[in-house]
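> can't give you the sequence, but here's the structure:
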């Protein structure tokens, strides 16, 4: 069973979250009303589509950056550090920062 103190804390946090959500949706609601007032329902639909496209564009760019970081930074840095640690007397933990730095420069110039 949940203690009454914990339950009271959870209720307080839920109330705070709902008040914050109400605050943000209130400002979004006024923005929605502004669009409907000036451009009508078609303008609101266009705004939703434009917002969706912008969100998808941002998500795709973030995903591209993430995949590039894995492709040009993480995999080569770990691979080169492993090879260098086998060939030289330096340990993997010593060579990894150097290889990450070099691969970061590669990623920076690769774009």
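Right, received. Where do you want to start? Since we're looking at a predicted model, the values are computed, not measured.

> so which helix or strand takes in the residue most central in space within the chain?
When Cα atoms, centre = their mean is applied to the chain, the residue found nearest the centroid is residue 62 (7.0 Å). In the assignment (DSSP states H and E), residue 62 maps to helix 4-69.

> Let me see the residues that make contact with whatever helix or strand comes next after that helix.
The element immediately downstream of helix 4-69 (helix or strand, assigned by DSSP H and E) is helix 75-87. Residues outside helix 75-87 that contact it (Cβ atoms under 8 Å, 6 or more residues apart in numbering): 90, 91, 92, 94, 95, 96, 98, 99, 100, 102, 103, 106. (C-beta placed from N, C-alpha, C; glycine too.)

> Of those residues, just the buried ones, PyMOL syntax please.
Here the buried members of the contacts of helix 75-87 are turned into a PyMOL selection, burial being counted by 16 or more other Cβ atoms under 10 Å:
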select buried, resi 95+96+99+100+103
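
> which of the contacts of helix 75-87 lies closest to residue 49?
Minimum distance to residue 49 across those is 38.5 Å, recorded for residue 106 (Cβ to Cβ).

> and that closest one, what does it touch?
72, 73, 76.

> can you list the weak-confidence ranges in this structure?
1-2, 18, 21-22, 24-28, 111 (pLDDT under 70).

> Please repeat the previous calculation with a cut-off of 90.
1-48, 51, 65, 68-73, 103, 106-111 (pLDDT under 90).

> Need the residue in it that's farthest from the chain's center.
Relative to the chain centroid, the chain (Cα atoms, centre = their mean) has residue 89 farthest, 38.9 Å.

> centre of the chain versus stretch 60-68, how much separation?
The chain centre lies 10 Å from the centre of stretch 60-68; the measure is Cα atoms, centre = their mean, to the nearest Å.

> What lies in contact with that stretch?
107, 110.

> Report the buried residues of it.
Counting neighbours, the buried set in stretch 60-68 is empty (16+ other Cβ under 10 Å).

> coming back round to it: go ahead and report the secondary structure state at the residue farthest from the centre of the chain.
Three-state assignment for residue 89 (DSSP: H, G, I helix; E, B strand; the rest coil): coil.
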